[in-house]
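# sequence first, predicted model second:
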Amino acid sequence: MVEPLSPLETDWKPGHYGHVANGAGVTLSQTQPGSIVQAAAFAGEEKTLIAALKDATGLALPDGAGAGVINGARAAFGIAPGRFLLVDQAEGLADTLSSAVQADTGTLTDLSHGRTAIRVAGTSAQWVLAKLFAIDFALTAFPVANGCSTAHHDIFAHIQRTGETQFDLYVFRSFARSFWKSLCHASEDVGYQVK
Amino acid sequence: MLINCPYCGPRDLSEFTYRGDANRTRPADTSTDQAAWNAYVYERVNTAGDHPEYWQHSGGCRSHILVMRSTLTHEIASVSLARGQKKASARRQQKKRPARRRQEDRT
Ligand SMILES: [Zn+2]
């Protein structure tokens, strides 16, 4: 496999920034998953696809729009009707799935090198993300493991809540550096640590 | 303006793209009926009130949706997935045909 290279490059500088007198409100990091795969069911094949994904990965996707599941190094969530994003810290998930999902069930797209995964964690994570996205990030409206598809000034983003105060963002690789800069600016008032 | 996407829930207008008036019916791709294409491309009913229209949640789940929006108040009466809408209206038209109904009576 080709080693995934972060597009953030020189703009990714570990350290403390902004108003950190009272500690950093958020920690920004990259989760660098080995695999990011989109699975899409053909009409009427949604249940079959969900079952095939479960057999292959152990990830049992619950019913419901945006519903998701986190299981150690793997995670998955709904991004559209009959469409799911699956993430694995290990490489090779696309190969595993392509032998598990039948051709008449749906399609798989390997996005491992096409998306950059950014983690926003900390007590002010909700506050920072609310500046960027018109989404209700309250725990009751956006429970742990759930995900959503949204956009920030036309930069598309898939967001999964991976903890009460932790969100994993998947953005287009080619826009990742510019998104990263806006995220850093949005985090200045609460102080942020790049890790 | 908020549009309540059937998949994503209420989202800001900036996440959506307008996809046109849903009052019109697109002729078959192979149609050479000039009047039908003229009606599809140029003729609009210009509704004052509830107006069916297609939108795409382009900055979200990317679903195409059918929205009933008032052109007077922007109030949205209903939103549903556009997928399957054509088949539903075709079925309704089929039921209206008397020949078909007689056939159903016999079976
Ligand atoms: Zn949507």
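Nice, thanks for sending it over.
# what's around B:V45, how many residues?
Neighbour count for B:V45, taken as other Cβ atoms under 10 Å in any protein chain shown: 9. Where you see a C-beta, it was placed from the backbone N, CA and C, and this is true even at glycine.
# and the nearest residue in space to it that is not next to it in sequence, which of the three is it?
Counting by Cβ to Cβ, 6 or more residues apart in numbering or on different chains, B:V45 lies nearest to B:N23, which is 5.5 Å off, once chain neighbours are set aside. Look at B:N23: counting by DSSP: H, G, I helix; E, B strand; the rest coil, its state is coil.
# burial measure for A:Q102, as a count.
Using other Cβ under 10 Å, the number of residues around A:Q102 comes to 11.
# for the nearest residue to it once chain neighbours are set aside, what are its contacts?
Residue nearest to A:Q102 in three dimensions, not counting chain neighbours: A:A52, with 7.2 Å by Cβ to Cβ, 6+ apart. By Cβ atoms under 8 Å, 6 or more residues apart in numbering or on different chains, A:A52 lies in contact with A:97, A:100-102, A:105.
# okay but the residue nearest to B:V45 is in contact with B:D50, surely?
No - at 10.9 Å, B:N23 and B:D50 do not qualify as touching, with contact defined as Cβ atoms under 8 Å.
# of the contacts of A:A52, buried ones?
Buried members of the contacts of A:A52, scored by 16 or more other Cβ atoms under 10 Å in any protein chain shown, are A:97, A:100-101, A:105.
# for A:Q126, state which of these is nearest.
Using Cβ to Cβ, A:L97 comes nearest to A:Q126 of these, at 32.3 Å.
# count the residues that sit near the closest residue to A:P81 other than its chain neighbours.
Excluding the flanking residues, the one nearest A:P81 by Cβ to Cβ, 6+ apart is B:Y7, at 5.4 Å. B:Y7 has 22 neighbouring residues, counting by other Cβ under 10 Å.
# likewise for A:D55?
That count, for A:D55 with other Cβ under 10 Å as the rule, works out to 11.
# and for A:A21?
Neighbourhood size, A:A21 [other Cβ under 10 Å]: 6.
# so is it in a helix, a strand, or just coil?
Here A:A21 takes the coil state, with states given by three-state DSSP.
# separation between it and A:V190?
Distance from A:A21 to A:V190, counting by Cβ to Cβ, to the nearest Å: 11 Å.
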